[in-house]
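S.K.: the following comprises the amino acid sequence and a computationally predicted model.
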Amino acid sequence: MNLSYIDRITLDMRLSQRFISLDPKGYFLIKIDINRGELVAEHYSNTLDQKGVAIDPETGEELTCWNLSSQKPVNIYRARTAKELGIRLTEGKGPHPITCLDHALYLGRELQKAEQALIASQLYIQD
């Protein structure tokens, strides 16, 4: 069955509302560096409380999308393509910064969107 554009958006919005367990290894902020022609993935650590809520390991405060600026990345990964960056994050000897499959799938989708924005020299905003 082919979904219409509106049905795809509706499905995506509904799926985005589901509960997702956070990766205990941390989270990523994905950016593009148009000047260098690279994707950038900044990896940040977090601590999870008993409810699975991300806590800033330094301040003990709950992390939200609005209070991430005080954090410093644990590592910064750079690559020219989504595939190249995905390989850096998941393959080789390790340790790897990703422990949850749903987190890896999410990052793959976001890296692909970021790559398309980089190719088109457009603004990229992470979902």
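M.R.: Noted; the coordinates are in hand. Residues are numbered from 1 along each chain as shown.
S.K.: only C-alpha atoms from now on, for both contacts and neighbour counts.
M.R.: Fine.
S.K.: buried sites along the longest helix anywhere in the chain?
M.R.: If you go by DSSP state H, the chain has its longest helix at helix 101-120. Using 16 or more other Cα atoms under 10 Å as the test for burial, helix 101-120 gives 103-104, 107-108, 110-118.
S.K.: tell me which two of the residues you listed sit farthest apart.
M.R.: Maximum pairwise distance among those (Cα to Cα): 22.0 Å, between His103 and Leu118.
S.K.: show me the contact partners of the longest helix of the chain.
M.R.: 22-23, 30-34, 37-39, 81-82, 85-86, 98, 123-124, 126-127 (Cα atoms under 8 Å, 6 or more residues apart in numbering).
S.K.: go again using 7 Å as the cut-off
M.R.: Contacts with helix 101-120, where a contact means Cα atoms under 7 Å, 6 or more residues apart in numbering, come from 23, 32, 34, 37, 39, 81-82, 86, 98, 123-124, 126.
S.K.: for these, which one is nearest Thr10?
M.R.: Gln126 (18.7 Å).
S.K.: if I look at the closest one, how far off is Glu115?
M.R.: 12 Å (Cα to Cα, to the nearest Å).
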